[in-house]
Structures are given as structure tokens and as C-alpha cells.
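> with the input below, show me the fold.
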Amino acid sequence: MKLNLLQRPTRLYFAYGANMALEAMKYRCPNAIPLGAYTVRDWRLVFCHHATIEPAPGHEVPGCLWNITPACEEALDQFEGFPQYYTKMWLEQDGDTFMAYDMNPPLVYNAPSASYIEMLQQGYHDWDLPVDYLDEALYHGIN
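Next comes the predicted model:
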């Protein structure tokens, strides 16, 4: 999907975790524009207390795309603990280039808190994403 963006300084941002929840993003980044649900190919969702993604040929990660401003990105950097906890990466798919956060190594796989899981579930609900995917990722991350 090739996206037409507004004529202002913006960046495409792919969210796959807490930043999918519409109300939470409205609070953190009031100028962010939700563009739609989006699936990134050849990555998978894993948990190291918080969500991150890692390369995995043949897998997919559902999430959403946002059009963010520089001020939004600064707020997200603070929320994500950039650059100590998460770093930024740029992915390209179907002609679109977008930014995503990626947890810094070393990765220690473990379960997120119940409140974090609730926020993720809200994001999946907000974007009408398959909650079964989230459940499966959580199950495999714990076992």
C-alpha cells in the first residue's frame, strides 16, 4: 500500500505494542494521525517484559501505521526509553519505508505484566487485529 501523506514534516511509524492503543497514543502524541492496520512480513512478536520484534522469515507481525511529527517522535523516544532500552530501525515493505522501535540486546524473554497485556489487547481491539496472534505470541514467549 503506497501512502499519500500530508505536506508537513512527518514520518511513518509502525506500532506493534503499547503504541497501538488509540487513547494512549492520543495522550502521548496528540498530533499523530492513525493511518490503518498494517502487517509486517518476515518478523515476529516476542516479549522481553515488553514487546519487541525480531527477524523471522515466513512470520508476520500485525500492528498499525501512524503518521507522526517530530514532536510525536520525541514523545515516543521518551516513552520507549530511546536509545538505552529501544533503538530505532527503518523497514521497507511494498515501497513504503517506516520507522519501528526495536529492543536493545541482550534480549531476555519473559512475560509482560497483566496491565501491559491489557494495553496490547486494547490496541488489537482498536485496530480490529486478530487477538489470537497476540495470545499465541504470549503463550510461546512464556513457554
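
> hey, where'd the strands end up in the protein?
11-15, 33-48, 50-68, 86-93, 96-103 (DSSP state E).

> helices and strands around the fourth one, which ones?
It stands for strand 86-93. strand 33-48, strand 96-103 (3 or more CB pairs under 8 Å, 6 or more residues apart in numbering; DSSP states H and E). C-beta here means a position set from N, CA and C on the backbone, and glycine is covered the same way.

> how far off strand 33-48 does the least confident helix or strand in the chain by mean pLDDT point, in degrees?
Ranked by mean pLDDT, DSSP states H and E, the weakest helix or strand in the chain is helix 131-142, scoring a mean of 85. Orientation check (axes from the mean of the first three to the mean of the last three CA atoms, to 10 degrees): helix 131-142 against strand 33-48 gives 30 degrees.

> C-alpha coordinates for helix 131-142, PDB please?
Taking C-alpha atoms only, helix 131-142 is exported to PDB below (Å, rounded to 0.1, in the frame of the first residue of the first chain):
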ATOM      1  CA  VAL A 131      -6.200 -11.300  19.200                       C
ATOM      2  CA  ASP A 132      -5.300 -15.000  18.600                       C
ATOM      3  CA  TYR A 133      -2.000 -13.700  17.200                       C
ATOM      4  CA  LEU A 134      -1.300 -11.900  20.400                       C
ATOM      5  CA  ASP A 135      -2.400 -14.900  22.500                       C
ATOM      6  CA  GLU A 136      -0.100 -17.200  20.500                       C
ATOM      7  CA  ALA A 137       2.900 -14.800  20.900                       C
ATOM      8  CA  LEU A 138       2.300 -14.500  24.600                       C
ATOM      9  CA  TYR A 139       2.000 -18.300  25.000                       C
ATOM     10  CA  HIS A 140       5.200 -19.000  23.100                       C
ATOM     11  CA  GLY A 141       7.000 -16.300  25.000                       C
ATOM     12  CA  ILE A 142       6.100 -17.800  28.300                       C
END
